[in-house]
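> Just a sequence and a predicted model for now, questions to come.
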Amino acid sequence: MSSLRMHVIAAFLRLTEKRRTDTVAASKEPPRPPAKLVRRHDVTSRRIGGFECHTVSPRGRRAERAVVYLHGGAYINHIVPQHWQLISQLADAGVRVEVAHYGLAPKYTYRDAYPFVTAVYR
């Protein structure tokens, strides 16, 4: 059984916690590829069906393979610096990486992401 103090602390945290969806709703466009990645690799950008897509390729050579990179984030978070590091490593390994920035909740759902990712793949 929890103490009275723990009940008070839990209530305080619930009341003062910034709601996650408030932050998501205020989010802007997906972050641009970092300058370090742009200097190291060939990077192009385009919009497909209203969503941003970046192509990251090895600089100065033809990519041997290609992947569509879906950064995760459960439809509520944009791509983070660690994802860009992995994308850079893939390009270093001779892979062309299609970085698809699907729309985030609450404005978009997986139903919006599916046709977008299919178009990126094609």
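Ah, there it is. Residues are numbered from 1 along each chain as shown.

> can we go C-alpha only for contacts and neighbour counts from here?
OK.

> residue contacts, Val103?
In this structure residue 103 is Gly, not Val. Gly103 is in contact with 51, 75, 109, 112-113, counting by Cα atoms under 8 Å, 6 or more residues apart in numbering.

> Can you give me the distance of it to Arg61?
32 Å (Cα to Cα, to the nearest Å).

> Which entries within the contacts of Gly103 meet the buried criterion?
In the contacts of Gly103, burial by neighbour count holds for 51, 75, 113, counting by 16 or more other Cα atoms under 10 Å.

> buried set for stretch 59-77?
So, applying 16+ other Cα under 10 Å, buried residues of stretch 59-77: 59, 63, 66, 68-69, 71, 75-77.

> Same check on stretch 75-90?
75-79, 84, 87-88, 90.

> from the residues you listed, which two are the most distant?
Across the buried residues of stretch 75-90, the longest distance by Cα to Cα is 24.5 Å; it joins Ile76 and Leu90.

> Identify those among the buried ones among the contacts of Gly103 that sit within strands.
Applying DSSP state E to these, the entries found in strands are Phe51.

> Closest one of the buried ones among the contacts of Gly103 to Val38?
Phe51 (19.9 Å).

> Beta-bridge partners for that closest one, please?
Under DSSP bridges, the beta-bridge partners of Phe51 are Ile48.

> got it, and the one 5 residues further on?
Applying DSSP bridges to Val56 yields these beta-bridge partners: Val43, Val97.

> and it, what does it touch?
Per Cα under 8 Å, 6+ apart, neighbours of Val56: 41-44, 87-88, 91, 96-99.

> With Ser3 instead?
Ser3 makes contact with no residue, according to Cα under 8 Å, 6+ apart.

> Sticking with the residue positioned nearest the centre of the chain, tell me its helix or strand.
What sits nearest the mean C-alpha location of the chain, by Cα atoms, centre = their mean, is Ile79, with 2.6 Å. According to DSSP states H and E, Ile79 maps onto no helix or strand at all.

> circling back to that earlier point, the contacts of Val56, buried ones only, as a PyMOL selection?
Per 16+ other Cα under 10 Å, the buried members of the contacts of Val56 correspond to this PyMOL selection:
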select buried, resi 41+42+43+87+88+91+96+97+98+99
